[in-house]
Structure formats: structure tokens, C-alpha cells
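Enquirer: Predicted coordinates and the sequence they were generated for:
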4 protein chains.
Amino acid sequence: MAIGRESVEKLLKFKTTKWKTSITRIESNKISTRGYPLEDLIGTLSFPEMIYLLITGNLPSKKESRMLEAILVSFCDHGVTPPSTQVARLMASTGSPLNNCVSGGILSFGEHHAGALENCMKLLQEGVKEYTEPLDSPKDVKKIAEVLIDKFVQNNRKIPGFGHRYHNEDPRAPKLIEIAQKYGFCGIHTQLALAIQEIISDIKGIKMNVDGANAGILSDMAFDWQLGAGIFMIGRLPGLISHIYEEKTREPPFRKFFGIDEIYYNGVDERFLSKRFRSPENR
Amino acid sequence: MAIGRESVEKLLKFKTTKWKTSITRIESNKISTRGYPLEDLIGTLSFPEMIYLLITGNLPSKKESRMLEAILVSFCDHGVTPPSTQVARLMASTGSPLNNCVSGGILSFGEHHAGALENCMKLLQEGVKEYTEPLDSPKDVKKIAEVLIDKFVQNNRKIPGFGHRYHNEDPRAPKLIEIAQKYGFCGIHTQLALAIQEIISDIKGIKMNVDGANAGILSDMAFDWQLGAGIFMIGRLPGLISHIYEEKTREPPFRKFFGIDEIYYNGVDERFLSKRFRSPENR
Amino acid sequence: MAIGRESVEKLLKFKTTKWKTSITRIESNKISTRGYPLEDLIGTLSFPEMIYLLITGNLPSKKESRMLEAILVSFCDHGVTPPSTQVARLMASTGSPLNNCVSGGILSFGEHHAGALENCMKLLQEGVKEYTEPLDSPKDVKKIAEVLIDKFVQNNRKIPGFGHRYHNEDPRAPKLIEIAQKYGFCGIHTQLALAIQEIISDIKGIKMNVDGANAGILSDMAFDWQLGAGIFMIGRLPGLISHIYEEKTREPPFRKFFGIDEIYYNGVDERFLSKRFRSPENR
Amino acid sequence: MAIGRESVEKLLKFKTTKWKTSITRIESNKISTRGYPLEDLIGTLSFPEMIYLLITGNLPSKKESRMLEAILVSFCDHGVTPPSTQVARLMASTGSPLNNCVSGGILSFGEHHAGALENCMKLLQEGVKEYTEPLDSPKDVKKIAEVLIDKFVQNNRKIPGFGHRYHNEDPRAPKLIEIAQKYGFCGIHTQLALAIQEIISDIKGIKMNVDGANAGILSDMAFDWQLGAGIFMIGRLPGLISHIYEEKTREPPFRKFFGIDEIYYNGVDERFLSKRFRSPENR
């Protein structure tokens, strides 16, 4: 059977087009997101439902959207203590535009800051995947937890999602677990996170933080760990914007965050200062 | 009456502390956002309610939160056509981390792209403020509209919030106006936007776009125009993340978005290419 | 006469190609920058000569390249006092990659920080341009200076390029002027900057800073003021990178730049903390 | 012996100060970089000498500064083909300020783009370090090369610093090697890079690129591989700025880099478009 002209054209177009997307189709006067006319979604979908639809391609159930809503609210702000928020405010103080300050904050999410959610999701998802025995009893989850903790202890590394430099007991974590139980997202990954907590809480007094709780729940909602940082950012952006706006509207511009007497010059001592520069020719 | 020791200490602390905030208070095991324990907000507030609380300091009414929800959904995505989304995907293709790609997108909101919401809010808010006559009839709003349009026409400038390079009739705008009427946010600013549309639609066939509609509505919700870009970013972030994720998971890494034959070298012609470099000494 | 086939093809290509550039032509195994084979420039041109060639399209004279060299060196670093450097180090401390930290620093160049060079170049270039009388005597330059200062005083604005929050007499400025005199770049723009200094130094004791001196000199070297921020960035980048490297290799990661006791919560007082959240339904 | 009061104060200050630096000391009217008064360096040091001093803390020899100069020139530009340059120009087209466009370019240096220098430096430095036998004959270097290539082949990975998607023979590499030989920087690391080239050139016809050559040379100049990305950025920044300036001054603002017909919607087909949204309650 011959291939129709239309199919060939479609195929050719596919090969030569530079942009392929399944997210939103744009035609004159028509915008369809994940197959739905956008004007049908405005005023009908909640914001978390829209976020879920955009990212996964599917509409969430009511339980999924409410769980995601609680997660996003839990990430919203942590005052001026995070370096990302400090960066955003320092930048706001120089008169930089809002999008620069926001980017400064987002670019500050480094290895030691705001990576815990994603790393903990990866840990839990790989932990569950690698463990091949049937996982139908609490005992099994405890076994995986022991193996995982052992690995981190042996490598002398901190387990992401546990412990917080300002809180012994992060008040967000138990509330999130409570909601996950209510909506049915306290599955194998969340149970694994809880099992880790039980062991390290006994030994070291360290508890699960907001990232550890959400890592378990998001994994039980079937989110790829590679989306962890993205979900955290969606949650934190409103907080960043509030701080930038507060700095811009309530503080004097270009204020000094540090006094000149708070700087210590190590190694730039008198000996150095007395040396005068000799031009390279004479060296 | 003597000033108490505590007051003095508070005053001194105020003077020497470098960070002042009214957004979120952090104490050991306690997080209070705008005065509310955060664990009370998780699972209770919707995400738009939390956004409203963070930014304004107050809880919204149900109508306010539903209106804000519709606005955020309307901004979520416009496919791969915006330069900001193209930038984010180009960066994703180089293997840059998610937060870099997101920042690239956000930093692309320049004078000609994504500034319309804020500029239109400013225009409407200043238009309403400057006009001193009582504004109780549709006729008055029409007058302001005429004055504003005249200014732009005289300066040969485009009115922000009107017209779209892909849509003659942006399907998001009428839907947003409909919702604003339902929730009671079709106030003086939105009416002014509609009056502008009426005039320029008659003359040039140009209609209000998503930014024009939201600029009116957000102004009638009492949002400072300086928050316009922030609200747009909160809405658009999920779309950006979806595109970055799609590029990273569905396309080959480091793909060529352009062929070498799509480059034209103007002024780098044969004459130039034949000239050999003479060292500066011989020039 | 008929147009040749080749010309038509060239024209068509011009119309359909998306990228046009006069900077560097890329062909298989050939790289030509501004018409010169790149391998001829490597090891022959100094770095400032290459910068000049890239930006202007022409090779500089020896005097031009030495002047540019002095300017770039003068911008290299100002310790940890600039907010941009503080931002870069805060970000380095979170474990963010080098390019993120560099971008954080560069994005911090806002209205109140690092904009002085560009703004002063604009001021001097427009000042010289607007003033139509023949400018052949020191008296004329003084007249423009008076008019310019008057404008700023009337608008209660700071003149960019003059005064420094850490130095009454910026040691870089007189050295740069001295070099400019040696190489012949103390033209009308630099003289205008010096005339401004003379007046405001007498009245307010304010002297020219590094930006004021370089603004005059770069203008006399015929650089467009729109390139000011770019030249500053090229000069400052090595300093930023040194600080990021120092933070990453000499300081403990994720250190606290601020103690929790350095935060003051204004308006987040007891009254607020005692209020418990009521769900939106009950408001 | 008692510790003097001054020492104690110095110690205390060290403990409480938040900023420590050995790079530049700022005092009123005094700026000392690496111990030298900055005004002594302006007009005396070349820009690469200043870069070397800032980064390493020491003044370079004439050979070191000339080698670094050649390396920086070699990195300056590669036309509009790199994604980082495309990103910078797309952003310039939206009217974003120069520092945003520069940051967009810098943030595009991802895993697959511009990481080769640093990765190749790491590879060569670790290769030389791990290999414990005395390394005094070309035969030894060849052995390390074989071991390294084997590792990459077994893991099915590309060796960083070799091969280029536009050049079979990168014209910059042999020129840089030639200069390194002249100045005496063709040491063990560069020889290792050349040995790798010899083997893979024979087998696969793949040659060293600009990054491979510079990785060897910079390693032989004793630069830490962690500084690789920084040195590349210093070299590339002038190119990025030239392209942003060209886009802003020669092209129409907000131009379309892609036509709407260059987008292919995979999976957003008719079936999807015909489905109308049902509110979540009815699902």
C-alpha cells in the first residue's frame, strides 16, 4: 500500500522542523494547552491543577491537586535566612530590576542549598527501585532504610531531607505527612522516608525536614525526581518576589549590608603593603 | 516618664540589625508567615491565597483568590513562540541545570517582551489618578482613554496590553473580563482598558490581549503596578519548567537549532578574508 | 542588464537567513574574526587589541590598546565591598557552579551600582553634542560643565562618575588622567569631566572617581556610551572570578553570613503571632 | 609568655568578621590588590598580567603573561554558532539590558557546551597525578594516554578537548601548541594531550580542539582545573558583548528567530483538540 502524500509531508515536516512540543499549540486566535483550549481552563482549573497538567500532561484528581497545593504552600518562604533570599535582597538594593533579583535567588540554589528535595527524591526512588524483594511489610522498608543510611554513614555524608540548621523539628514536615495520610499519598517512598527518620532520630536526634517529607510524598505522587527542583522553585518564587518588593519599597537604596570594619584581610599584611610594584621588566 | 530598658534595647537592636522583614519570622522550630504559624496555612490555604498573603500581607477574600487563580492560569504558557521559552530550551539543550535555564527565561523578559502587563498597569493606574474629575459615568472613562491614546499616537508608540503578534483576538482576554465581571473586579481600571479597546478596535482593528485584560483587573484588585512583572513570572514559571523538562527528556542533547547555512556574513566578504594580518608594529 | 543568478541567490539567502553577523565567519576548519584568520591573531594581538578589534571592527593603534589596557586594569577589583562581589561570594558559598556565581555578580549591576560609567559617558557625550558653539577654549568646556551641573542640582540628583562611598579621592582617577595625557586621550570629553570636577570639588569637596575618569577617556577614544557597561564587565570579571574561587577554596561551605539575631521583625509582633489562622470560609 | 592585647583583638576580630579576603584591601583613598597599590598597577601591568596576579596572587613572568594572552585571544569568539551566543542574541532582541544578555550567555555553559576545557584539564591533571611511575620518556606519556582513552571507550564517552562539530582540524589548536613550545609550556600535561591526539587521530581521525590544547598548556602553567571555566569566560566575554551590541544596533527589535511553521506539535493532535475540558468534579 502506498503512503499518502499527507503522511509524507507530515514526516518531512517533522524532520525539518526545529521545534517540537506537546505542551501548547499556538494558532491564530487559538491556544491549546495539553489539548485543551486555554480559555476553557482559565477560571475552571485551580493553579496547582494547571501546574500538574502542564508538567505531567494529565489533569490531576482532586486529591492530587490538593496535595500539590499543600506542598507548594509549604515551600513558599523561610524569611531572610536562606542565602538565595539574601542574594535577591542584596540585588534589589542595587536597583536591579525584579527579574534580575529573582534570577539571582534562583541561581543560588546550589549543592548545599535547596538541592535537598531533588536529592532526597532521587535517593528514595532509587532505594525503592533497587530493592528487589517484595515490599509489602513495614519490615522491608526498614531494611532499605538501613542499607541507605549505612551507605551515607560510610561515605561520611549528610542524608538529604533530614536535619535543618534552624530547626530540630521542622514544623512543616509532620503537617505534610498528616495531609499525605489524609489524601492517600503515604506510599512506599514516604514510608521509607519515615523509616529513615525513625533510625537517625534514635541515634542522632535528627528529624525529617520539609524537603524529606515532600520528597516522599512527591515520589508517591509519581513525580520524576528530576522535577524536584522545579516544584520547589514554583513554590518559593512568591516568597522571593515578596522579599524583593519589601527591600525595594521599605529600605533605603544601595544600603551597606556590611561595614568596612567587618572585613578581615588575611595575608594582605604590612609586608605586602610596603612592597612597591616593580615593573615586569625588572623582575 | 522614663523609657524602659526593654524599649531601649529594642531600639538599639533595630538600629544595628541589618535585616528587617515583615514577611516571615524564623525561630527554632517556629515559622510564622505574616503572623500565622506556617503549619496552619499548609493544607488550608490555596496556593493563590498564600501568594496573596505573602505579597500583600493580608488574606484575600474568596473572590480575590479565585480571580488571582484565573489570572495565574492565563499566564501559564504560550508554547515555544516566546523568546524567553526559546532561550530556556536552547539552554536546556546544552545540559545546563534547571535553575540556569529558568533564569535564562526570566532574564529574557525585556523591554519588548513580557513588560506589557506592568507597563499597562502603570498606564491605567496613572491614567485614573491623573484624571481629577468625578468618574461616575462611562463617558468619563472614555475621555481618559482618548487622552491616553492621543499621547501614544503623538509619540508614535504602541499601547502596552493591546495587539498580539500571533492573535488578532487573544482568546484569553474576553474570558478574563467575563470572570472579572462575575467576581466584581471590573472596576474603573478595567473599564478604562475596555474603553481603550473600543476606540483602537474601531480605528485599527486592534484588541486587548491577555496583559491588557489582567492589567485592568489586577489594578482593580489594588495591586501596585510594580508587582506586575512578579505576578506574570509566578504564572509563567510552570510553563517554563515544562518546556525545559520536555527539551531535556525528549530531544537529543546539544542539538543544532540552526544550520551553518542559515548564517549570512554581512561585511565579512572576500576582500576581508584575503587580507592577512600584519602585526601592530607594521601598521 | 540582467541580474546574475548568483546575486539573486545571495539576495534570497540574505532574506531568509536568520543570523547575520560581521564579527566572526565560521567555515569548516576556518575561523575569521573581523576578516582575519583567528590563528594569525593568537600570539600576535594583545588581549586588549583583540577586545578592541571585536567590538569596533578595527585594529587599535598602540596608544589606543595601551589606554584600553590601563582602563581594564583599573576596573579589575574593589575587594569585598561591592554588592555584586558579595552576591557572587554568597552564591559561591551555596555550592553553585562558577558560571552561576559570575552571573549573580553581573546581574547585580543595577541603577545604583556600576551604572556610573555608562551614565557618565552618556552625560559627557550628550553634553558635548548639544553644545553647538565652537569648543576651542577651556572657557567653553567650563560653560557646558556649568549647564550640566545646574541640571543635576535642580533635579536634586547625583552626577554619575563623581564621589565614592569609600574614597574622598579615588586613587585610580588621577592615575588614569595622567595616562590619558601621555597617550593623547585627554580630549574634549575628559576636559569636560575635569571641568565638572573643578566646580563641584570647590563647592562640595567631591572629586572624580574611576568611572568619571574612564567615562571621559573612553568617550575621547570614540566609544559609544552604550558599550560602557560592557567594558566595565570585561574589566571586572577577573576580580569576580578571583573572589568566587577564594570563597570556594578557603571558606567552609554554606557558612552563615548573618546570625539569626541580626534580623529584626518589624510589624510581625506578638499580636500577630497570637492570632491563629481561621480558614477562609469563616472570614 | 603572655599573649599581647593586640594579638587577642586581632584573633577576636578574625573570629567575628564575616568577610575575609587576600585579594584587595580597601581603606579610605587606598586600594591594594595582592599587596600592591592599585594605582601602581594601572598603566604598568598588562591586562593578562593583572588577571594572573588577581587569580594566583603572584605576578607572572613575561612568558607566562604572553602565554595567557594567547590563550585568552584564542577563546574570544566563534561567531553565532555556539548556543551561548545564540541565547545572548535572542535576549538582546527582546530589549533586555546588556548584563542580562551576558548572563544568559554565561549561564548557557552547560555539560555539553564550554565544559570541555575544565573537564580536559581535570582529566590531564588527574591522569598525570595518578600515574606513579617516573615520567621521563615519551613512552610513559603514551601509556597514560592509552589508559585514559581506554576508560572513556569502555564507558562509551567522548574525551573532552578532542573533536569539534564544525572543524575536523581546529585551526586554533596547532597555533597554541606552537606558542607553548616557544614559551616553554609544552610540559607533561600538554604532551599527554598530544599523545591522546596521536592515538585517536590514527583510529578515528579526531584531533585536538582549542580546549584540548589550552587544557594541556594551562595545566603546565600550574592552573588548578577548577579555574578552567573562569579563564574561558574571561576570554569569551568580549565576543559575547560584541554579538549583543551587534544585535541591538543592527537588527530590528523583537524579531522572530523562528516562524510559526517551524514548530511541530507531536502528540497534540486532532483527537486532543476536539476534547473539551470537563471540570474536575465530573471526571
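Expert: Here it is on my side, so go on. Residues are numbered from 1 along each chain as shown, chains lettered A, B, ... in the order given.
Enquirer: Rounded mean pLDDT for stretch A:22-37, please.
Expert: The predicted model assigns stretch A:22-37 a mean pLDDT of 95.
Enquirer: OK, contacts around the nearest residue to A:Thr21 once chain neighbours are set aside?
Expert: Nearest residue to A:Thr21, sequence neighbours excluded (Cβ to Cβ, 6 or more residues apart in numbering or on different chains): B:Val80, at 5.2 Å. Yep, even glycine has a C-beta here, placed from its N, CA and C like the rest. Applying Cβ atoms under 8 Å, 6 or more residues apart in numbering or on different chains, we find B:Val80 in contact with A:Trp19, A:Thr21, B:Gln86, B:Arg89, B:His243, D:Phe258, D:Ile263.
Enquirer: Name only those of the residues you listed that count as buried.
Expert: Buried residues within the contacts of B:Val80, counting neighbours by 16 or more other Cβ atoms under 10 Å in any protein chain shown: A:Trp19, A:Thr21, B:Gln86, B:Arg89, B:His243, D:Phe258, D:Ile263.
Enquirer: These into JSON lines, with extra columns for secondary structure?
Expert: Formatted as JSON lines, these follow (DSSP: H, G, I helix; E, B strand; the rest coil):
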{"residue": "A:Trp19", "secondary structure": "strand"}
{"residue": "A:Thr21", "secondary structure": "strand"}
{"residue": "B:Gln86", "secondary structure": "helix"}
{"residue": "B:Arg89", "secondary structure": "helix"}
{"residue": "B:His243", "secondary structure": "helix"}
{"residue": "D:Phe258", "secondary structure": "coil"}
{"residue": "D:Ile263", "secondary structure": "strand"}
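Enquirer: what residues does the stretch 51-200 of chain A put near chain D?
Expert: Residues of the stretch 51-200 of chain A lying close to chain D by Cβ under 8 Å from any Cβ of the partner chain are A:Leu59, A:Pro60, A:Ser61, A:Lys62, A:Ser65, A:Pro97, A:Asn99, A:Asn100, A:Ser103, A:Leu107.
Enquirer: which of those are close to chain B?
Expert: A:Pro97, A:Asn99, A:Asn100, A:Ser103, A:Leu107.
Enquirer: and the third one, that's in a helix?
Expert: Yes - note on A:Asn100: a helix contains this position according to three-state DSSP.
Enquirer: show me the contacts for the closest residue in space to it that isn't next to it in sequence.
Expert: Spatially, and ignoring its direct neighbours in sequence, A:Asn100 is nearest to C:Leu107 (4.3 Å; Cβ to Cβ, 6+ apart). Neighbouring residues of C:Leu107 by Cβ under 8 Å, 6+ apart: A:Met91, A:Ser96, A:Asn100, A:Cys101, A:Ser103, A:Gly104, B:Leu107, C:Val87, D:Asn99, D:Asn100, D:Ser103.
Enquirer: try 10 Å
Expert: Listed by Cβ atoms under 10 Å, 6 or more residues apart in numbering or on different chains, the contact set of C:Leu107 reads A:87, A:91, A:94, A:96-97, A:99-104, A:107, B:103, B:107, C:84, C:87, D:97, D:99-100, D:102-103, D:107.
Enquirer: so where do the helices sit in the stretch 151-283 of chain A?
Expert: A:172-183, A:188-204, A:210-220, A:228-250, A:270-274 (DSSP state H, counting those that start in this stretch).
Enquirer: Next one: the longest one, is it in contact with chain D?
Expert: Which is helix A:228-250. No - applying Cβ under 10 Å from any Cβ of the partner chain, one finds helix A:228-250 out of contact with chain D, separated by at least 14.9 Å.
Enquirer: Show me what counts as buried in that helix.
Expert: A:228-248.
Enquirer: What of the second one?
Expert: For helix A:188-204, the neighbour count (16+ other Cβ under 10 Å) marks A:Ile188, A:His189, A:Thr190, A:Gln191, A:Leu192, A:Ala193, A:Leu194, A:Ala195, A:Ile196, A:Gln197, A:Ile199, A:Ile200 as buried.
Enquirer: before we move on, what about stretch A:21-31?
Expert: Applying 16+ other Cβ under 10 Å to stretch A:21-31 flags A:Thr21, A:Ser22, A:Ile23, A:Thr24, A:Arg25, A:Ile26, A:Ile31 as buried.
Enquirer: The residue in the stretch 101-250 of chain A positioned nearest to chain C in helix, strand or coil?
Expert: Closest to chain C within the stretch 101-250 of chain A is A:Glu111: 2.9 Å, counting by Cβ to the nearest Cβ. Using three-state DSSP, the structure places A:Glu111 in coil.
Enquirer: Quick check: residues of the stretch 151-283 of chain A near chain C?
Expert: Close to chain C, as judged by Cβ under 10 Å from any Cβ, the stretch 151-283 of chain A has residues A:165-166, A:250, A:253-260, A:262-268.
Enquirer: give me every residue that touches the residue of the stretch 101-250 of chain A closest to chain C.
Expert: Counting by Cβ under 10 Å, 6+ apart, A:Glu111 touches A:Asn119, C:Thr94, C:Gly95, C:Ser96, C:Pro97, C:Pro253, C:Phe254.
Enquirer: quick one: which of the residues you listed is most hemmed in?
Expert: Counting neighbours by other Cβ atoms under 10 Å in any protein chain shown, the top entry in the contacts of A:Glu111 is C:Ser96, with 32 neighbours.
Enquirer: any idea which helix or strand carries that residue?
Expert: C:Ser96 belongs to no helix or strand when elements are defined using DSSP states H and E.
Enquirer: Spit out the contact partners of the closest residue to A:Ile263 other than its chain neighbours.
Expert: Distances taken as Cβ to Cβ, 6+ apart put D:Trp19 closest to A:Ile263, at 4.5 Å, once the chain neighbours are dropped. Counting by Cβ under 10 Å, 6+ apart, D:Trp19 touches A:258, A:260, A:262-265, C:79-81, C:85-86, C:89, C:247, C:251, C:257.
Enquirer: related to what we said a few turns ago, pLDDT score for the residue of the stretch 101-250 of chain A closest to chain C?
Expert: 83.
Enquirer: what do you get for A:Ile263?
Expert: Per the predicted model, pLDDT is 86 at A:Ile263.
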